[in-house]
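Peer 1: Give me the fold of what follows.
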Amino acid sequence: MKEGCELNISTRFPVAVHTLILLNISQPGTATSDFIASSVNTNPVVIRRITSMLGRANLVEAKAGIAGAKLKKPLSDITLLDVYKAVNVVGEGQLFAVHDNSSIKCEVGRHMHSTMTTILARAQQAMEQVLAQTTVADVAGDIAQLEGVVFPDYFMQPSL
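Peer 2: Predicted coordinates:
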């Protein structure tokens, strides 16, 4: 890896969670891509793409020419794994990559790929298990607590 070169997971995942929460707490028709983009600090085109992905995953409903999308189910029924998969962050077993160019002449190199692939697959499974046990409502509740707002069921039901 080159000096200063960093690898990271796509930001589509947290932006999608952000979008779902805003759709839930906003009045119908007000959570436009411009509004959400201003909260996320990104371009509205990015939000429209993510909303489209969420729509294909049957998490939101968006209609062309109508301002704002809406949730198709309560945040308490949407796991972070649902969102993670909806926005195609990574493919199955592809969160981590292992270099394929190790020398088979080296006692370490010839076993690095098979050894690391197994370990990293288990790490991805563990992460996905945590995401499957956490709902978007859990995240919204954490945000409400940080904001000092108390509405226990506020984030549970979709705004229709």
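Peer 1: looking at the protein, which residue ends up farthest from its center?
Peer 2: For the chain, the largest distance from the centre (C-alpha atoms, centre = their mean) belongs to K105, which lies 41.0 Å off.
Peer 1: how close does that residue get to H99?
Peer 2: 16 Å (C-beta to C-beta, to the nearest Å). Quick note: C-beta positions are derived from backbone N, CA and C, even for glycine.
Peer 1: And for V15?
Peer 2: For V15 relative to H99 (C-beta to C-beta), the value is 29 Å.
Peer 1: go on, I21?
Peer 2: Following C-beta to C-beta, the distance that separates I21 from H99 is 38 Å.
Peer 1: Compare the two and say which is more crowded by neighbours.
Peer 2: Comparing I21 with H99 by other C-beta atoms under 10 Å, the one with more neighbours is I21, at 22 against 10.
Peer 1: any idea of the mean pLDDT for whichever helix or strand Q124 is part of?
Peer 2: According to DSSP states H and E, Q124 maps onto helix 109-132. On average, the pLDDT along helix 109-132 is 87.
Peer 1: Done for today, thanks.
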